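# Predicted model and sequence below, questions to follow.
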Amino acid sequence: MLNSKVKPRHLAPPCFVAALATVVAAASAQAQGSRHLLAPWAPQAFYTSLARPAQAGRAPQPLYETRAVHDPDGTGKFYMGREIAQVMGPRGIPWLDRPQRESEEHPEVVIDALELHEGEVVADLGAGSGFFTFRMAPKVGKTGKVLAVDLQDEMLETIRERAAESKVTNVVEVKDTETDPELPANSVDLVLMVDVYHELSYPYEVMTKVREALKPDGRVVFVEYRKEDPRVPIKELHKMSVEQLDKEMKVVGLKRVRTVETLPLQHIVIYEKDEPLFGEVNSPLQTQTASLTPARLGMRSCWIYANLTSKLAITGRWGAIPPV
Ligand SMILES: C[S@@+](CC[C@H](N)C(=O)[O-])C[C@H]1O[C@@H](n2cnc3c(N)ncnc32)[C@H](O)[C@@H]1O
């Protein structure tokens, strides 16, 4: 019989058993595909595993690999089975600005697909010489802004000169790093990446930050040469398939919402934030667990333990408790 003389340590075994029962039941519920049995009671770590089905929002392990045998156009660094391409240097500027690019790539189709509005803040990530920066600037108008983001000083210098020559005042150059696009959290309506993603040295880190930089209804738009089409005359590592993009966006919590396949060589692939990840403001799981103090967790563990043992006594096996 319990009385005030009982030392706390005498309470330890039942609590330990209850906690253990919680974990075992959680594992059993997960094995059965049940999301209901322990939903309000399971420990936070278990919630996290439920929050991200099929690895959504989870870093792949290992994140990157280096291989000695690789494509000569590549870096030897692999991410999710794909070799990362080499970064185009400033000597590529004439190719980016070649006059026939207009007729080969139809940039006006890309601009239409972006559905830009006056006043929006958009980032041209990997802006290069600004081929798309200066096509987006008139669309967002004087009340909006285009952040022309690039790693390389020569690219940013070219953009600065062009903005001055054409008296464009709503373009802001941003020098970023390989791991951080330097975009403040919750600040941009759209991030455009044309012919860039395949050459990011740290795609997981950059896209995680890009997701954070998006406003709640923000979108990320990739324009990449079609890997699915062997007739597209571009080196293999400089192409991306939609399937690979989907895989890589899923792990950073982005979901594809639209694909435009009307360009001759490239696809336009549009993503938005998937539902909030665990730990983010507005996450439904965060709301559920916010009230989960240790005392409540203990009480609920004991409650579930009692239910499970009575179920065991009645049916002779562990299992999901029917909803009441
Ligand atoms: C092939 S160019 C494309 C330029 C431009 N988007 C266009 O379509 O004309 C790729 C650009 O991405 C830039 N880049 C590569 N990795 C980057 C990173 N992590 N952050 C910003 N820019 C990056 C390179 O410096 C280069 O200017």
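Everything's here; your move.
# Nearest residue to residue 268 in space, please, no chain neighbours.
Excluding the flanking residues, the one nearest residue 268 by CB to CB, 6 or more residues apart in numbering is residue 260, at 3.9 Å. (Glycine included, C-beta is placed from N, CA and C.)
# quick one: contacts for the one you found?
Contact analysis of residue 260 by CB atoms under 8 Å, 6 or more residues apart in numbering lists 109, 113, 267, 268, 269, 270.
# Now render the residues you listed as JSON lines, adding secondary structure, distance to the ligand and neighbour count.
Output for these, formatted as JSON lines (DSSP: H, G, I helix; E, B strand; the rest coil; distance: CB to the nearest ligand atom, whole Å; neighbours: other CB atoms under 10 Å):
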{"residue": "109", "secondary structure": "helix", "distance to the ligand": "14", "neighbour count": "15"}
{"residue": "113", "secondary structure": "helix", "distance to the ligand": "15", "neighbour count": "17"}
{"residue": "267", "secondary structure": "strand", "distance to the ligand": "14", "neighbour count": "22"}
{"residue": "268", "secondary structure": "strand", "distance to the ligand": "13", "neighbour count": "21"}
{"residue": "269", "secondary structure": "strand", "distance to the ligand": "15", "neighbour count": "24"}
{"residue": "270", "secondary structure": "strand", "distance to the ligand": "16", "neighbour count": "18"}
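# where exactly do the strands run in the protein?
Secondary structure of the chain (DSSP state E): strands at 65-66, 74-79, 82-85, 121-125, 145-150, 171-175, 188-194, 214-226, 239-240, 254-260, 266-273.
# Mind listing what's buried along stretch 239-246?
Buried residues in stretch 239-246, defined by neighbour count with 16 or more other CB atoms under 10 Å: 239, 240, 241, 242, 244, 245.
# buried stuff in stretch 180-187?
Neighbour-count burial for stretch 180-187, counted by 16+ other CB under 10 Å, picks out 181, 183.
# Correction: the previous question concerned stretch 112-129.
Buried residues in stretch 112-129 (16+ other CB under 10 Å): 113-114, 116, 120-129.
# hang on, the earlier thing: for the strands of the chain, give me a markdown table that also has mean pLDDT.
Putting the strands of the chain into a markdown table (pLDDT from 0 to 100) gives the following:
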| stretch | mean pLDDT |
| --- | --- |
| strand 65-66 | 97 |
| strand 74-79 | 98 |
| strand 82-85 | 98 |
| strand 121-125 | 99 |
| strand 145-150 | 98 |
| strand 171-175 | 98 |
| strand 188-194 | 98 |
| strand 214-226 | 98 |
| strand 239-240 | 98 |
| strand 254-260 | 98 |
| strand 266-273 | 98 |
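# Could you dump these into JSON lines and include distance to residue 102?
Formatted as JSON lines, the strands of the chain follow (distance: least, CB to CB, whole Å):
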{"stretch": "strand 65-66", "distance to residue 102": "39"}
{"stretch": "strand 74-79", "distance to residue 102": "29"}
{"stretch": "strand 82-85", "distance to residue 102": "24"}
{"stretch": "strand 121-125", "distance to residue 102": "17"}
{"stretch": "strand 145-150", "distance to residue 102": "19"}
{"stretch": "strand 171-175", "distance to residue 102": "20"}
{"stretch": "strand 188-194", "distance to residue 102": "14"}
{"stretch": "strand 214-226", "distance to residue 102": "14"}
{"stretch": "strand 239-240", "distance to residue 102": "21"}
{"stretch": "strand 254-260", "distance to residue 102": "18"}
{"stretch": "strand 266-273", "distance to residue 102": "14"}
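# before we move on, the earlier item: please tell me how far the residue nearest to residue 268 sits from residue 238.
Distance, residue 260 to residue 238, by CB to CB, to the nearest Å: 20 Å.
# which stretches of the protein have low pLDDT?
For the chain, the stretches with pLDDT under 70 are 1-55, 277-324.
# change it to 90
For the chain, the stretches flagged by pLDDT under 90 are 1-58, 275-324.
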